[in-house]
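Colleague: Everything below, folded, please.
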Amino acid sequence: MVDVESQGGVTRIFLNRPEKVNALHSALLDSLLQIVMRLQADPNLRVVVLGGRGKAFCGGADVQELCALNASNAGGFVQKIHAVCEAIRRLPVPVVARLHGAVIGAGLEIAAACDLRIAAEGTRFSMPEVRLGIPSVVEAALLPRLMGAGRAAWLVLTGEPIDARRAHEWGLIEQVGADDALADLVNALLKNDAKALRMQKHLLQLWEEAPLSESIAKSIEYFAGAYADGVAPGLTSKLRR
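Modeller: Below you'll find the predicted structure:
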């Protein structure tokens, strides 16, 4: 249900349930969570790429499992989605979502939990939960921060899809492109200092969640920490040129 490929500090994770458009059910979510949690402790990890096998990235939560939920266990199911998204956000390295086909509901929430998003031409994005009689929840709360309140409201209140071009214009994704664009992005990330990139990832989250004063104080601490073993490595290499 989840494939993992690792090489040269880059780990690629693929949702692999193509016969169900990679729909998220409990077993897939549990497997994905275990993989992401294991990666958090990998000191050699540099970049994570998250994609989907088959014709789409993710068709959202599994409809059969949604229909089987009731008031006593519905919260537990969306907690599984939140746990996966939270674990992705807490990975200490950049996470790139490689999106194609359909990115729907909980699949879009997982994409929103990544740091950067590239989508193929023709990709469609939607949050159709209100059409099913349920609200968009958990990491849908990230959408206003990515797109702005009005555009996020349009997605979750209308349930209407948008294409990759509009998603890019609205700030939901960073780039429209194919695998060559993804390769260029991964290579650009790999050129950066590994320690500094981990610090920057943590600061990005802090800037999003913490008060300004705390964010600035931690930024100063990390800047000084970059010099803990002498001149920062990148500066040393520039001085040698």
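Colleague: What confidence value was assigned to the closest residue in space to Trp154 that isn't next to it in sequence?
Modeller: Closest residue to Trp154 apart from its sequence neighbours, by Cβ to Cβ, 6 or more residues apart in numbering: Glu160 at 7.6 Å. Every C-beta, even on glycine, is put in place using the N, C-alpha and C of the backbone. Note on Glu160: pLDDT of 98.
Colleague: Count the neighbours of Glu160 for me.
Modeller: Residues within reach of Glu160, counting by other Cβ atoms under 10 Å, total 11.
Colleague: if you skip the residues just before and after it, what's nearest to Ile81?
Modeller: Per Cβ to Cβ, 6+ apart, closest to Ile81 is Ala106, 5.0 Å.
Colleague: neighbours around the one you found, how many?
Modeller: For Ala106, the neighbour count with other Cβ under 10 Å is 30.
Colleague: Verify the contact between it and Ala61 for me.
Modeller: Yes. Look at Ala106 against Ala61 with Cβ atoms under 8 Å: they come within range, at 4.5 Å.
Colleague: Touching both of the two, which residues are there?
Modeller: 24, 81 (Cβ atoms under 8 Å, 6 or more residues apart in numbering).
Colleague: Skipping its backbone neighbours, what lies nearest Met199 in space?
Modeller: Nearest to Met199 is Tyr222, by Cβ to Cβ, 6+ apart, at 4.7 Å.
Colleague: what about the helix or strand where that neighbour lies, distance to the chain center?
Modeller: Take DSSP states H and E as the rule and Tyr222 turns out to sit in helix 212-225. Centroid separation for helix 212-225 versus its chain: 24 Å, with Cα atoms, centre = their mean, to the nearest Å.
Colleague: elements contacting it?
Modeller: helix 194-209 (3 or more Cβ pairs under 8 Å, 6 or more residues apart in numbering; DSSP states H and E).
Colleague: From the chain's centroid, how far away is the helix it packs on?
Modeller: The answer for helix 194-209 is 15 Å, by Cα atoms, centre = their mean.
Colleague: Run through the chain and note the low-pLDDT ranges.
Modeller: Residues of the chain that meet the criterion pLDDT under 70 lie in 231, 233-241.
Colleague: care to break the protein down by domain?
Modeller: Residue ranges for the domains of the chain, per automatic domain parsing: 2-190, 194-240.
Colleague: gap between the two ends of the first one?
Modeller: Just to be clear, that refers to domain 2-190. For domain 2-190, the first-to-last residue distance is 24 Å (Cα to Cα, to the nearest Å).
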